[in-house]
Structure formats: structure tokens, C-alpha cells
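fold the following, please.
(chains A and B)
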Amino acid sequence: MDNKNFERLLLSVQKPGRYSGGEINSVIKDKSKVDVRFAFCFPDTYEIGMSHLGMKILYSLFNEREDIWCERVFAPWIDFEEVMRANNLPLFALESRDPIKDFDFIGFTLQYEMAYTNVLNMLDLAGVPLRSKDRADFTPIIVAGGPCACNPEPLADFVDIFFLGEGEEVDLEVIDLYKEYKKEGKTKAEFLAAASKIEGVYVPALYDISYNADGTVNSVTPKGDTPATVKKRIIKDMDKVYYPDKFVVPFIDIVHDRVVQEIFRGCVRGCRFCQAGFIYRPVREKSVDTINNQAKALCESTGYDEISMSSLSTSDYTEIEPLLNKMLEWTTEKYVSLALPSLRIDNFSDELLEKIKHVRKSGLTFAPEAGTQRLRDVINKNVTEEEIINTCKTAFKGGYTAVKLYFMMGLPTETDEDLKGIADLGQKIVNTYYSMPEKPKGKAVSVSISVSTFVPKPFTPFQFEPQITRDEIRRRHEFLKSCITTKKISLSYHDSSTSFLEGVLARGDRRLGDVVEKAYKKGCRFDSWSECFNLDNWMDAFDECGIDPAFYANRTRSYEEITPWEHLDYAVSKSFLINESKAAHGERTTPNCREKCSNCGANCYGEGVCFEKR
Amino acid sequence: MKNVRIYFKKMGRMKFVSHLDMTRVMSRLIKKSGIPIWYTEGFNRHIYMNFALPLSLGYEGTNEVMDIRIIDDEYPLDKVLASLQAVCPPDIEIIKATNPVKPTKEIGFADYVLAFDEINCDLKSLFADFFSKESVTVEKKGKKGKVKKVDIMPKIKACCVGDNTLTLQLVAGSEDNLNPALVMDAFFEIFGLEPVFYTVTRTSILDKQGNPFI
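A predicted model of the protein is given here:
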């Protein structure tokens, strides 16, 4: 399609800037001079995908290589999809506007299960057969990575290669192997077989799954000499790993429009519901100098005036105060502000608060996750009510009047007492505010409580737990609502049906591939967008495939049961997860990695917090 | 501290960037350029910028105007120009940096070129008919959603039909402004025509006397 007609189409849709490309720091290469063209797809809108740090890292890493041209692709919003289909415009990459079906690789990052239908929709818009067995040509090779790759089974029929763990090294190893095999005229099957020998590479077609009469997995059998288990890859030295000195700076407003500076990977805490806390182990930090230099270079190349520190728990960074001091030396004079998301309550000091105040005052957000101490012990969220109240006091003294609290509902062993505890905690914070003579003058306090529904995830101690049913979710919502008696507290919660579907897909097996495809063909896409989500279509799809979603979401799984992800190794051992599950039911907490090693298995890489001096 | 007037082109892929997004893009380019820019003194300090005449989404501009302030009076204008040119993406081109002569409230008119796939004889004669009318009243949505009736003819200062292009000189500025889309909508409606596709380029901004705005 020529430029003029293309632009005409763009002018007929909302937010054409999503599809125009040409942003500052986007990479244009001469396609005749590269060997490998890689379409990096984020299966959601431009605004969400462009906020994703992993994509920024891999985009720049690939493009550092002269022989690779990596381009960005996002899911077109429904208005533009309609225009594309009506005009036979195949899915294209933003930089070159070339159709991605002609690329060597089409790669997806799988950040959440609710994007699965978008993956299929994007393949279809590209004009690529959905199932890997129907793709006879060598290219494009469909690859995928990201947190959902830890149980990618629902997408196993569609994707040729999954990358487990961190991609900076393994992705390039696979691309190099591809170059070699392409040059030698080998087949796709030969390439996939060879790729499966690389650590961190999972080729699902090379594993046969058999099932028991009760529907559980009986066995996972590798074909030929394919490795029996696939182990995730990690980057060992965070000071040496590649980090971009440029970000593509979008023209239109996106969700996180700022410098994102990674400070460490992993989390020492071990909250039992948190998948990220287990699959990104072990904790590996960047040094203060590395972080400072990288952030400075990014500010200079982008013109951003805000830096956000990225990690799972910012205040657990061992050198947080020296880091802030060092960065404030230049950020203040350049009018660059610092944001510190993911702060934990228990180590939120007066000094730290003072430092953030230096920069910009925004709301305070805490995540106690559960309303009572008993339940916080079950989930291993080792914060006490006293700590929460004390932190709020400090914050109120510092002039804050709004507190946002995140909770989860439907956690294992949760009772109505625990739910009432959420409302009580909110009330105690309100009371604390009014009991303080030094509270900000003439201002009311506002406590917003946001409740999400707990979804059991693979590779967590709660992977064995049933998710509560949708009816029960609704009952608990109503109950919690009835416990809140003041207008100072506002309550919001997530839709019960998306949490249910997320629960099904998160611990699903290969048989769900048919369901995902059927749901997609019934029009499901953008399932994480309430205006697009249609549970009825999904339920019809389950029905037509003869699959009961409750089998995946609402059933207690025994410790002995073979999980659909049994052959994938994320370094934390199953016996550790079982011990943690038992501790949860015994209401016993586990110390964090820095206090005491609990032998989860992540020390196998020989790096990180496991080898810090205690 | 002194004001600097920047003239620039907003072309190609940049036409999909709205005015609000454009302000953000420009502030980042300025920050990246390293020129000694002046920040507002308020609680939330930001780069001071003043766009003379916002450009609608979808339009290109070949001579757009933006005022900024730099804190160093001695800082040479050609250095401002070179620093900004060095950081711009392909579809933004900085043309010149000057000392402003007139305040932006002196803006009176703007020239637009509308490009059609084809202006055939029929269309040509309809244009002639349309632009010879004494008065054409259209409904214009103001701020707060109020609809008011406006006669657009006195606001069209000049028009010229060329090969597949229509050039219009329209009233422009903060007090009174006519968007070429409003003219074309009225044109299609009066003759009961199905609207056809055209692109819009603003080629110059003029003062109240009809001279280039400087």
C-alpha cells in the first residue's frame, strides 16, 4: 500500500499516532543490508506496549547488531483492525511499514494471560497460519517469552519457540543458530531440534503430553534426544548486562512515559502469592554507579524529565540512600524528578520520605495485601499493622493526606473475619489521621482501598490452591462493601470474570489451545479491556471443546500431581514450594533471602543474593 | 532572559501528533538539545513554550511558529538553531531561530493548501460558485459544546484553485479562527456532495496586515 493511501486509512481512526511510527530514537536500517528481520510484538495497545521495559531492552540490544533489524508491532485497536481487514492491509512493523509475515522472526512478549487472544489475532492479521504445524515454511519463526512463558501450554500449539527466563543472551544465541541453519539450507524441523538443545529454549512440539482418566497430566515425554527439562536463563552480572542508552520516545501519551531505570531483578521477600517473586530469583542488583550512569545517559538521549526506579521492591535495594543521594546531585539542577514505585511499608524511613519529597509529592501507595495479621502470615507478607500505622503517621506528618491500599481477596484460608480486617485497617488509618495534632491543617484524609482477586499462579507455593468461584467472589465483594461505613474510605475492585479466566489460563494445559482459538474466532480480543471482554464467548468456547474451566481454576491440586509445567525448571524446586505451602497452612512465615536462606534452589546459578555475606 | 522565535516544519508522520502531544514532544527535544532553556517558576516547573497557532491533527505545517525563552541573553541564535536541528526526528525540521518582532496576538491570517486526488471541471466550477457567495452560515461547535452560527465568507480572505489544489487564506489567531475543514464541510453540504479526501498543509502564518508573521 502506498504512503498516501496508508495515511488516509490512519486519518480515519482514533489515535493514529499509535500506528504512524517515526518516533525519536526509533531505528531505521537498510533492509538489504541485514540478515535477520525481527518483529517484536506486544499483544496489547501501543500505549501499554511502549511502557514495557523488556521490549525497550531487547529492541535496543537486537538493533546494536548490524545484521539484525528489530522493529516494533502492537495490537491494533478494534477500530483500526476493522479498517485493516476491510482494506487487506496486513499487520506491519512500525519502522518500515513492511508486512511482518515476511520477517524471519515474529516474537511476542507474554506479560499476562488475558493477551492470549491478541497473540492469535495478530498472527491472523499478519496472514500467518495460527498453528505451528500448519506453517510449512521455514519463516517466520514464531517465538515468545515473558513471565507467562513459565506455563506457556495454552499457547503451545501456536508458538514454535518459547524463551524461558531472561532473554538478553538466549535470544541472540537462537538468532545466530538460525542464521547458520538458514545459510546451510537446513529445514525448520532441523533448526527447532537444534535450538531445543540451547539452555532456556523450549520447543513445545518436541514434547508429547499424555493425560490420566481424571484429566490430570500423566506424563511429559521429550521426543528423541530433546532435553527432558528446560531450565530458565538468567543474567549473572547485572553490571555487565546490556542496558539501552536510548529509549524510543513516543509522540503520543503512553502509560509510563519516562525513563525507566532497572535497579535489580528478583525479590528477597517470598510473598507466597507472587509469581514474580519466585520466577525472577535470585535477586541480583546493579551497582550505584551503573544505575546512576545509565539513568543519566537515558535522560540525555530522550529529553525525559522523570526517572522511575524499576524493581519488584525498590526500598529493598541495599544502597537505596547512597543511590538517591548520588542521583539527586544532578537531577535537581536539571529539573528531573525521581519516582520510587514498589515501596514496602516496613522499611519506609523518615529519611527516605524526605528524599522523595525533595522531588515531587504524589500519593502514597501501600500493599498490605491482606486485612489481618493471621492472613498476612499465611501469604508471608511480613508486615505488621503497627508498621502500617507508623508509616502512615510519618507520611501524614510529612503532609500526605491520601493513602492508597492494595489488597487481595480470595487468598487461601481467607474468612469473612479477614475481609472485615481490610475495612478495619482502613478505619484505623482514618482514626490515626484525626488523632494527630500535627496533621495537615484543614484537609480531610482519603483512604482508597483497591481489591483484586487472588489468582493462583505456577511456580508459587499457592500453585496447588483452588481459586474461589465467581459466585463466591461476588459474595465476598458484597460482604466487604457492607463492612465499610465511612465516606473517607473508597473501595474499588476488579471484575470477577476476568480473574476467573486468568486463573484458568495461568494453570492451563495444552488442551486449552483449542479453547483460546475458538474464543478468538468468536471475536474475543483485548480481554483485559472491560469494553471488549466477553465472558459468554469464552464460556461457549469451553463448552464446544468439552472442557470444564473449573477443572483448571477451582480444584485443589495434590502435591503429587504432575503439573502442565512440570518439565520447565525455574530454579525454585517443587519440594521448596511444597514446604512453603505447608508453612502457609500452618500460618508460619519464612524469613526473606537476606535474613536466612530457605534453600529454594535459586542458588544453582552461583550468583546473586544467595552468595551475599549475611 | 530573552524570547526566541522558532520556525519549524511538522510533516509526514508528525501530522498524526495532536497539538497537546506536540507540546510534550517539543519540550523533550528542547531538553535533549541542551540549550539554556527557561523553566516556569511555579510549583511544578516546566519548560516555557508558546505555540503561535495550534495545528489540527492530520495537518502538515511548513512554517509553524513557537516561542521559547532562554536564560542566557548572550547565547547565539544560530547555536539555538543548530542544537535543536541536531535532535529532531526526520519529520520535524527547525528552519530558523529569530528574535521575535511582534507578539502572537498580532496574528491575523494563515495560508492553507488543500490537496485533492483530482479537481475536475465540475469541482472547479462548484468551487467558483461557492467562493463567489456573499455569505455562507455554518454551525460551529464552540467550547463547552455550545453551537453557534457563523458566517464563514467574511473570514475567507483569498482563495485560488490550482491543479488539484485549493489554496485558502483564512482568518487565524486566538480571537478569531477559521479551520479549512469547516469551509470544506460547508462546501460539500451546500452542493449535497459526498465528501472527498484531501490533505491540508498550512504554509504560512500572517499578521493582521497580511504580511508574514515575524
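
tell me, how many residues neighbour the residue of the stretch 101-250 of chain A found nearest chain B?
With C-beta to the nearest C-beta, the shortest gap between the stretch 101-250 of chain A and chain B falls at A:V249, namely 5.9 Å. Placement of C-beta: from N, CA and C, glycine included. Burial of A:V249 is recorded as 23 neighbouring residues (other C-beta atoms under 10 Å in any protein chain shown).

and what of the one 10 residues further on?
Burial of A:V259, expressed as a neighbour count using other C-beta under 10 Å, amounts to 27.

A:D548 now?
The local packing of A:D548 (other C-beta under 10 Å) involves 14 other residues.

distance check, it against A:S313.
The gap separating A:D548 from A:S313 is 38 Å, by C-beta to C-beta, to the nearest Å.

run the chain-centre distance for the longest helix seen in chain B.
Secondary structure assigned by DSSP state H gives helix B:19-33 as the longest helix of chain B. Once both centres are worked out by C-alpha atoms, centre = their mean, to the nearest Å, helix B:19-33 turns out to sit 17 Å from its chain's centre.

swap in stretch A:544-551?
26 Å.

name the surrounding residues that touch it.
Taking contacts as C-beta atoms under 8 Å, 6 or more residues apart in numbering or on different chains, the residues outside stretch A:544-551 that touch it are A:G215, A:T469, A:F500, A:L501, A:V504, A:R511, A:L512, A:D514, A:V515, A:K518, A:M539, A:F542.

on that earlier part again, for the residue of the stretch 101-250 of chain A closest to chain B, give me its contacts.
Under the criterion of C-beta under 8 Å, 6+ apart, the neighbours of A:V249 are A:E23, A:I24, A:N25, A:T302, A:G303, A:Y304, B:V25, B:R28.

would you mind identifying the next helix or strand past the one helix or strand A:F162 maps to?
Per DSSP states H and E, A:F162 falls inside strand A:161-163. Taking DSSP H and E as the definition, the helix or strand that follows strand A:161-163 towards the C-terminus is helix A:167-183.

and that following helix, which residues are buried?
When neighbours are counted by 16 or more other C-beta atoms under 10 Å in any protein chain shown, the buried residues of helix A:167-183 are found to be A:167-175, A:177-178, A:181-182.

now stretch A:61-71
Buried residues in stretch A:61-71, defined by neighbour count with 16+ other C-beta under 10 Å: A:L61, A:F62, A:N63, A:I68, A:W69, A:C70, A:E71.

show me which residues of chain B are close to chain A?
Where chain B comes near chain A, counting by C-beta under 8 Å from any C-beta of the partner chain, the residues are B:12-18, B:20-22, B:24-25, B:27-33, B:39, B:44-46, B:57-58, B:87, B:89-91, B:197, B:199.

how does it look with 10 Å?
B:12-18, B:20-22, B:24-34, B:37, B:39, B:43-47, B:57-58, B:87-92, B:115, B:117, B:197, B:199 (C-beta under 10 Å from any C-beta of the partner chain).

around chain B, pick out the residues from the stretch 51-200 of chain A.
A:L94.

what segments of the stretch 51-200 of chain A are strands?
Under the criterion DSSP state E, counting those that start in this stretch, the stretch 51-200 of chain A contains strands at A:68-74, A:105-109, A:141-145, A:161-163.

next, format those strands as TSV and append mean pLDDT and distance to A:S210.
Formatted as TSV, the strands of the stretch 51-200 of chain A follow (pLDDT from 0 to 100; distance: least, C-beta to C-beta, whole Å):
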stretch	mean pLDDT	distance to A:S210
strand A:68-74	98	36
strand A:105-109	98	28
strand A:141-145	98	24
strand A:161-163	98	20
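
can you list these in a markdown table and add distance to A:G49?
Formatted as a markdown table, the strands of the stretch 51-200 of chain A follow (distance: least, C-beta to C-beta, whole Å):
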| stretch | distance to A:G49 |
| --- | --- |
| strand A:68-74 | 5 |
| strand A:105-109 | 8 |
| strand A:141-145 | 14 |
| strand A:161-163 | 18 |
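
which positions in stretch A:542-554 come out as buried?
When burial is assessed from 16+ other C-beta under 10 Å, stretch A:542-554 yields the following buried residues: A:F542, A:C545, A:I547, A:P549, A:A550, A:F551, A:Y552, A:A553, A:N554.

got a ChimeraX select line for the buried ones in the contacts of stretch A:544-551?
This is how ChimeraX selects the buried members of the contacts of stretch A:544-551, with burial counted by 16+ other C-beta under 10 Å:
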select /A:500,501,504,511,512,514,515,518,542
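
of the contacts of stretch A:544-551, which belong to helices?
Among the contacts of stretch A:544-551, the subset assigned to helices under DSSP H consists of A:F500, A:L501, A:V504, A:L512, A:D514, A:V515, A:K518, A:M539, A:F542.

which one of the residues you listed sits closest to chain B?
Nearest to chain B among these, counting by C-beta to the nearest C-beta, is A:L501 at 34.1 Å.

what mean pLDDT does stretch A:245-265 get?
The pLDDT scores in stretch A:245-265 average 95.

stretch A:396-413 too?
Per-residue scores along stretch A:396-413 average to 89.

okay, now residue 128: neighbour count?
No chain specified, so I'll use chain A. 22.

looking at chain B here, not the other one
Using other C-beta under 10 Å as the criterion, the residues surrounding B:A128 number 11.
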